[in-house]
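Undergrad: I would like the atomic coordinates for the input below:
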Amino acid sequence: MKPFQAPSAILPGLALCLAVAASGLALEHVEVLLIGARPLESLVFAILIGVALRSSIRLPASFDAGITFSAHFVLECAIVLLGASISVEAISAAGPLLVAAIASVVLLSIAVSFTIGRLFGLSPKLAFLVAFGNSICGNSAIAASAPVVGADPEDVAASIAFTAVLGVAAVLLMPLVSIALNLSAVQYGVFAGLTVYAVPQVLAATAPIGVVSLQTGTLVKLIRVLMLGPLLFVVGLVRGASGQRISLRHMLPWFIVGFAIMVMLRSAGILGEPLLARLSNLSTICTTVAMAGLGLSVDIRSLRKSGGRVVLAAFASLMALCGISMTMILAIGIM
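TA: Numbers count the residues shown, from 1 in each chain. Model (predicted):
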């Protein structure tokens, strides 16, 4: 579908996606009120609600255009806005050795995770989504990379659902890993920053250990997230080069250009803190609406076919990432 159609064609499905997204945001708010934390983010709730609706009732065809619009164009807008949350100043603060080590871990993890996914019988696109999500920033990386590789909604929904479950488990278990392995505050911060999926999850996993772990983990995680844009650009180049024809749209999608521009504006100090906060909230809303659209595109019966393989591949990939990360920490002498 072309991004821009007549509003009358888009509005019914878009309105449904907004309603599902609002439900997801409300459930996240209830989570915070009840337990003081958000183990499941609004985008996860949105995709689960969307899948439940698509799988339980027959939606009229008039909803299709707006659902597709939300799952694609709104998602691309969310990726652009995500760039405003990243600053390249984090690189200079970390030092070249640590930055190089983080980049090496991410690249090696993508290769290993993709191989694991293929060994478990996942399709190349689904294996790539699991690898990207596992190696960079979980749901955000999956959502951002899906349009670059042309992933099916079913693959996006499956990888996000199971990555979300593992992300919550990691938050709960990571502090125990620190105690079991007798890691220092800095070592644990680096380990959590390299292995936990989302930035809020890194904060939750490191805060119980102390301020040093929290600050270190956040810094490492932000550098890891900073690799998202360049890697998506490389993936676009590779995808274009391996196809029958090379198009500028595949090599350099508009939303990756927008993402890079937002990073530069943030790093140059052009975007003030009040505006950054608004852009961050808008990015969250757009991502949640997009995930609602993805969920509404998926019938649960299609997830059953690959669900077991996806969760096993995601779990094995996370374990591999933990091993790679610990090896790096020991190799460069982080104390």
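
Undergrad: in this structure, what secondary structure element scores lowest on mean pLDDT?
TA: When the helices and strands of the chain are scored by mean pLDDT, DSSP states H and E, helix 248-251 comes last with a mean of 48.

Undergrad: which stretches in the stretch 201-335 of the chain count as helices?
TA: Taking DSSP state H, counting those that start in this stretch, the helices of the stretch 201-335 of the chain run over residues 211-226, 228-242, 248-251, 254-267, 273-295, 300-331.

Undergrad: lowest mean pLDDT across these, which one is that?
TA: In terms of average pLDDT, helix 248-251 trails the rest of the helices of the stretch 201-335 of the chain, at a mean of 48.

Undergrad: ok, the residue nearest the centre of the chain to Ala61 distance?
TA: In the chain, the residue lying closest to the centroid (CA atoms, centre = their mean) is Ser140, at 2.0 Å. Distance of Ser140 to Ala61, given as CB to CB, to the nearest Å: 31 Å. The C-beta positions use only the backbone N, C-alpha and C, and glycine is treated the same way.

Undergrad: what of Leu265?
TA: Taking CB to CB, one finds Leu265 at 41 Å from Ala61.

Undergrad: the more surrounded of those two?
TA: Leu265 (16 against 9; other CB atoms under 10 Å).

Undergrad: ramachandran angles for the closest residue to that one other than its chain neighbours?
TA: Nearest non-adjacent residue to Leu265, counting by CB to CB, 6 or more residues apart in numbering: Leu271, 5.3 Å away. Taking degrees, to the nearest 10, you get phi -90, psi 120 for the backbone angles of Leu271.

Undergrad: cool, and Gly210?
TA: Torsion angles, degrees, to the nearest 10, at Gly210: phi 140, psi 170.

Undergrad: what's the closest non-adjacent residue to it?
TA: Ala185 (5.3 Å).

Undergrad: you'd agree that neighbour is up against Ala207?
TA: No. With contact defined as CB atoms under 8 Å, Ala185 does not reach Ala207; the gap is 11.8 Å.

Undergrad: that older thread, isn't the residue nearest to the centre of the chain right up against Ala198?
TA: Yes. The pair Ser140 / Ala198 is scored as a contact, 6.9 Å apart, by CB under 8 Å.

Undergrad: tell me the pLDDT at Ser113?
TA: The model's pLDDT for Ser113 equals 94.

Undergrad: please disregard the earlier target; I meant Lys125.
TA: 89.

Undergrad: surely it meets Glu154?
TA: No. Using CB under 8 Å, Lys125 makes no contact with Glu154, being 10.2 Å away.

Undergrad: between Ala185 and Ala207, which one's more packed in?
TA: Comparing Ala185 with Ala207 by other CB under 10 Å, the one with more neighbours is Ala185, at 18 against 13.

Undergrad: how about the contacts made by that one?
TA: 209-210, 212-213, 216 (CB atoms under 8 Å, 6 or more residues apart in numbering).

Undergrad: just the buried residues of these.
TA: 209, 213, 216 (16 or more other CB atoms under 10 Å).

Undergrad: just checking, what packs against the helix or strand that Met174 is a member of?
TA: Per DSSP states H and E: Met174 is located in helix 153-180. Under the contact definition 3 or more CB pairs under 8 Å, 6 or more residues apart in numbering; DSSP states H and E, helix 153-180 sits against helix 42-56, helix 124-132, helix 139-149, helix 185-195, helix 199-206, helix 273-295, helix 300-331.

Undergrad: okay, the angle between that helix and helix 139-149?
TA: 150 degrees (axes from the mean of the first three to the mean of the last three CA atoms, to 10 degrees).

Undergrad: what angle separates helix 153-180 from helix 273-295?
TA: Using the same axes, to 10 degrees: helix 153-180 against helix 273-295 is 120 degrees.

Undergrad: wait, Leu129 sits on Glu154?
TA: No. Assessed by CB under 8 Å, Leu129 is found out of contact with Glu154, at 10.8 Å.

Undergrad: these two - which one has more neighbours?
TA: Neighbour tally, Leu129 and Glu154, criterion other CB under 10 Å: the higher count belongs to Leu129, 30 against 21.

Undergrad: not counting sequence-adjacent ones, nearest residue to that one?
TA: Ser159 (4.2 Å).

Undergrad: would you mind confirming that the one you found makes contact with Ala141?
TA: No. Using CB under 8 Å, Ser159 is not in contact with Ala141; the gap is 9.8 Å.

Undergrad: what residues are shared contacts of these two?
TA: With CB under 8 Å, 6+ apart, Ser159 and Ala141 have common neighbours Gly133.

Undergrad: how near is Leu203 to Gly295?
TA: Note on Leu203: its distance to Gly295, by CB to CB, is 26 Å.

Undergrad: more neighbours: the two, which one.
TA: Gly295 (32 against 16).

Undergrad: ok, that one - contacts?
TA: Applying CB under 8 Å, 6+ apart to Gly295 gives the contacts 20, 46-54, 157.

Undergrad: against Ser70, how distant is it?
TA: Counting by CB to CB, the separation of Gly295 from Ser70 is 10 Å.

Undergrad: elements contacting the host helix or strand of Leu107?
TA: Element membership of Leu107 [criterion: DSSP H and E] is helix 96-119. Here helix 96-119 is seen to pack against helix 124-132, helix 185-195, helix 211-226, helix 300-331 when contacts are counted using 3+ CB pairs under 8 Å, 6+ apart.
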